[in-house]
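Visitor: Have a look; sequence and predicted model below, questions after that.
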Amino acid sequence: MAESTDIRKRGYLKKVKNSRERYYVLRYESNSGPSRIECYHNEKKFNRNALPRRVIRLADCWKIIKMANSKYPYTMSFYTQEYCYSLYTKAREELESWLIAIDEVKHSDSQNSRDNQDCWQVTVIDRDVAKSKQLAGAYSLQMLPSEMKLTRLGSSDTTDPLVLKYLYIRRCGHAGQFFFVENGHSACTGPGKLWMQVDDQIIAERIHAKAIR
């Protein structure tokens, strides 16, 4: 089978969810469609021009990050507003190769893409407003021109995102690994502080700096 000109990388990867090995193809944007990763049952199916089992559009991913834990040390996760899709490799070099290729494809995409620097994964802490409104949990935090948007991660329901208008935020700040906003009475959460934990103090500082621009 002749190699298609829109293919940047292909090979076998495993899903974190069930450890099943599937064949993945990373494609540039072209006449055949937008930049994307296609999942096939195996390489033979791909070579026979079978339809992919799944397609992840890179434009739909607000964040693609490298992750690690004791069981899967070489993992990459694709976050969209609807789901998180995680894949892992057998070696660090293989993971880095995929991430470099994905980054190259994203930057070559002629369509407007979301700015990953304005999106973070946060954990809303079970205190103050979050405690009374039962809002604690993992969210994606997206900074937009007139508002912050918190979308719950890993949820199967259709809960609307929390939209915090800057107009109704009294103040915000950070302390260590925490970023907080103090909302007024007109905010969707009602008055009080909403605390969010992030990976480290530097990220908390960045979110705070972005929020007060």
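Guide: Received, thanks. Numbers count the residues shown, from 1 in each chain.

Visitor: Please make it C-alpha for all contacts and neighbour counts, starting now.
Guide: OK.

Visitor: Identify the residue spatially nearest to residue 50, adjacent ones excluded.
Guide: residue 40 (7.9 Å; Cα to Cα, 6 or more residues apart in numbering).

Visitor: Likewise for residue 183?
Guide: Among residues not flanking residue 183 along the chain, residue 169 sits closest, at 4.4 Å (Cα to Cα, 6+ apart).

Visitor: for residue 51, same thing?
Guide: residue 40 is the one closest to residue 51 (Cα to Cα, 6+ apart), at 7.6 Å.

Visitor: what's across from the one you found in the sheet?
Guide: On the basis of DSSP bridges, residue 40 is bridged to residue 23.

Visitor: so who does the residue nearest to residue 50 touch?
Guide: 22-24, 46, 50-54 (Cα atoms under 8 Å, 6 or more residues apart in numbering).

Visitor: again, but for residue 171
Guide: So, once contact is read as Cα under 8 Å, 6+ apart, residue 171 ends up touching 181-183.

Visitor: Likewise for residue 140?
Guide: By Cα under 8 Å, 6+ apart, the neighbours of residue 140 are 119-122, 149-153.

Visitor: one more time with 10 Å, if that's ok
Guide: Residue 140 makes contact with 62-63, 79-81, 119-123, 149-153, 161 under the criterion Cα atoms under 10 Å, 6 or more residues apart in numbering.

Visitor: Check residue 131 too.
Guide: The contact partners of residue 131, by Cα under 10 Å, 6+ apart, come to 124-125, 194.

Visitor: This protein - how does it break down into domains?
Guide: Split into domains by automatic domain parsing, the chain comes to 7-108, 116-211.

Visitor: which residues sit in contact with the closest residue to residue 73 other than its chain neighbours?
Guide: Spatial nearest neighbour of residue 73, chain neighbours left out: residue 67 (7.3 Å); criterion: Cα to Cα, 6+ apart. For residue 67, the contact set (Cα under 10 Å, 6+ apart) comprises 73-77, 86-88.

Visitor: Residue 67 bridge partners, please.
Guide: Assessed by DSSP bridges, residue 67 has beta-bridge partners residue 75.

Visitor: From residue 83, how far out is it?
Guide: Note on residue 67: its distance to residue 83, by Cα to Cα, to the nearest Å, is 16 Å.

Visitor: Check residue 26 too.
Guide: Remark: distance between residue 26 and residue 83 (Cα to Cα) = 19 Å.

Visitor: the strands in this structure, which residues?
Guide: Using DSSP state E, the strands of the chain run over 7-15, 21-27, 36-40, 54-57, 63-67, 75-79, 84-88, 119-124, 137-143, 147-152, 162-165, 169-175, 178-183, 192-197.
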